[in-house]
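K.L.:
Provide a 3D model corresponding to the input given below.
(chains A and B)
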Amino acid sequence: MSEPLISVRSLSKWYGAWCALDHVSLDVEPGSCTVLCGPSGSGKSTLLRCLNGLEEWEEGDVVIGGTPVAHRTRDLRRLRREVGMVFQSFNLFPHLDALTNVTIAPRIVGRRRRTDAERAGMELLARVGLADQAHKLPADLSGGQQQRVAIARALAMQPRALLFDEPTSALDPESIKEVLDIMVDLARSGTTMVVVTHEMGFARHVAHRIAFMDRGRIIEMADPRSFFAAPASDRAKAFLGQIRATDPA
Amino acid sequence: MAAEALSSPPIPRRLARQSGVLLATAARHPFSLLVSLALLYVAWIVGERIVSWGIVHATFVAADRSGCDPAGACWAFIVNRLPQFAFGFYPEAERWRALLVVLAPPALMLLAVVPEFRGRRAFITAGFCLYPLLAFTLLAGGLPGLSAVSTEKWGGLTLTMLVGMSAFVLSFPIAILLALARTASLPALRLVAAGFIEFWRGLPLVAILFMSVIMLPLFLPPGVEAPRLSLALAGITLYSAAYLAEVVRGGLQGIGRGQYEAAGALGFGFWSMQGYVVLPQALRSVVPAIVNTAIALFKDTTYVMVVGLFDLLNIVVAGLSDAHWIGLATEGYIFVGVIYWTICFGMSRMSARFEHCEQRRQPAGAAAGASQ
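P.N.:
Okay, the predicted model is just below:
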């Protein structure tokens, strides 16, 4: 087994008296796709947000590519460049057109020349199927298109891993497919991904590993086939039962 | 009544199509028609008198008051004194410098409302940013080719333009820093910024002007003498910065957490995040309030008269006591009013134009990005 790209060791976080993460440990291999699932409030988004320092934690370590993520240091900025993030509500910059949304970080943070950044940006937009929308403002794009621009924007910094925080939860069914297609494509081309999602179809067919979380702990870690065929824990069984009850597919 | 109105829509509608909605409304509301006619009559009476006094019977060229037609306005007073009203006591041979200082801001504003051309925004922004420095250098002189002119001689519209525009432009960066400090996570920084804002905002501008002219020199090292104009300008700038800081803070509060998170996740540091992501959106969303502050500030510059500076209003008021032109306060104040109104209206148009162009770039859901 290769060296893990992301390694979480015994991470704990409290909101006041409430324990959001309870000694969570997780290793993410390079080139793998890990899906975090579980009922809402189980800590999966919190865990994901710790991976690039959007949340602070009280105990434990997050190590990315051998370097620990520490808060209030310049290291954090450098690490954030190496881990891209895709948000549930896209969070595109509304005052910038699609292409500038994609190129602004390489130009400002990565100090690349404008022409280089724009050429790379157009390639990324083409990859998510939006080359013809490059000069539109986010307000003029559909939800699915905005999320695809957001994926291109995260890829523009050439991160070593991509984090997805419920990327399809704010989308209508048609847009969900657009975005999932891109994500499948990324996973198949060997991008290291950690995905928080309720899309069990994606988890079943694309993920290499599934981490089931409940009450701030990872209580089950398995490959998709065994997880869906025979979940080990009662809570996972109940969770899958609920999903099947609402989504017969 | 309602049923009647429903059963007979064609007549009002045809009327509306033929003679405008106004007439249709008038036909349905005879009382409104009556009021409208009465108001039109009043407007005619007033308008006719104004035109008769201000234009028909007005005198534009005369040597002194006695040469003016007593039935009309004596604009000859304004015409004779125009160079002084515009440039104060600036030496006659050097007035082109003052003229440039007066014309530059309106020219920049005009550029903002003409059709788009390449680099327009950058040009206008650079123009306004450099205005205080360039205008001061040009007026003060003391460089090869430009003779030195003491600030005592600056006055009239030149001074008004210089003080109004410079105070606004100079207060902008201070206001942004204050607003950022006021929303910072460090309590000490917040306290200092809030204290500064409350201090300057809580004092009347007249008091600030007196303080800056009388008290500031006490803090200057001995031997250093700052002209009254600079001291007054410093006071107005800080006063304006306090107001503007609150406006900018309002804009900052409209930026959702998601924008900070998205920029942070891409590796933006604090200043680049503010400069490229947060401030462009925050400032855009408060443009009307910024222009409001600028207009108020521009008019407030008339207070510099209390420390003995001859801005446009003060120099006109001083001219009113000239023995050759005694008793022409109406003409003088109308002139001042028209100039101020024109400049403020220009600012307002510029802001409207900007808003119109930028509507689509506003953040849609301000509070987007909250997740569990």
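
K.L.:
Could you list the buried residues of the longest helix along chain A?
P.N.:
Criterion DSSP state H: the longest helix present in chain A is helix A:173-188. Buried residues in helix A:173-188, defined by neighbour count with 16 or more other C-beta atoms under 10 Å in any protein chain shown: A:175-176, A:178-180, A:182-183, A:186-187. Using the backbone N, CA and C atoms, a C-beta is placed for each residue, glycine as well.

K.L.:
Tell me where chain A has helices.
P.N.:
A:44-50, A:74-82, A:98-108, A:114-127, A:143-156, A:173-188, A:200-205, A:224-229, A:234-246.

K.L.:
Hmm, I typed the wrong one, I wanted the stretch 51-200 of chain B.
P.N.:
B:76-87, B:95-113, B:120-140, B:156-182, B:187-202 (DSSP state H, counting those that start in this stretch).

K.L.:
Out of those, which is the most enclosed?
P.N.:
Of all the helices of the stretch 51-200 of chain B, helix B:156-182 carries the top mean neighbour count, a mean of 23, counting by mean count of other C-beta atoms under 10 Å in any protein chain shown.

K.L.:
List the buried residues for the helix or strand encompassing B:Trp341?
P.N.:
For B:Trp341, the host element (DSSP states H and E) is helix B:329-358. Neighbour-count burial for helix B:329-358, counted by 16+ other C-beta under 10 Å, picks out B:331-332, B:335-336, B:339-340, B:343-344, B:346-347, B:350-351, B:354.

K.L.:
Please apply the same query to stretch B:60-75.
P.N.:
B:62, B:65, B:68, B:72-75.

K.L.:
What's the mean pLDDT across it?
P.N.:
For stretch B:60-75, mean pLDDT is 88.

K.L.:
With just CA atoms, put it into CSV.
P.N.:
The C-alpha coordinates for stretch B:60-75 follow below in CSV (Å, rounded to 0.1, in the frame of the first residue of the first chain):
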residue,chain,number,x,y,z
PHE,B,60,-25.6,90.4,-18.2
VAL,B,61,-23.1,93.2,-18.9
ALA,B,62,-22.7,96.2,-16.8
ALA,B,63,-19.9,98.2,-15.0
ASP,B,64,-21.7,98.2,-11.7
ARG,B,65,-25.0,97.9,-9.9
SER,B,66,-26.4,101.1,-11.4
GLY,B,67,-26.0,99.7,-14.9
CYS,B,68,-28.5,96.9,-14.2
ASP,B,69,-32.2,96.9,-15.1
PRO,B,70,-33.9,96.9,-11.6
ALA,B,71,-36.8,94.8,-13.1
GLY,B,72,-34.5,91.8,-13.6
ALA,B,73,-31.6,89.9,-12.3
CYS,B,74,-28.2,91.6,-12.3
TRP,B,75,-26.0,88.7,-13.6
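
K.L.:
Go ahead and name everything in contact with it.
P.N.:
B:52-59, B:76-77, B:79-80, B:324-328, B:330-331, B:334 (C-beta atoms under 8 Å, 6 or more residues apart in numbering or on different chains).

K.L.:
again, only this time at 6 Å
P.N.:
B:53-54, B:57-59, B:76, B:79, B:324-325, B:328, B:331 (C-beta atoms under 6 Å, 6 or more residues apart in numbering or on different chains).
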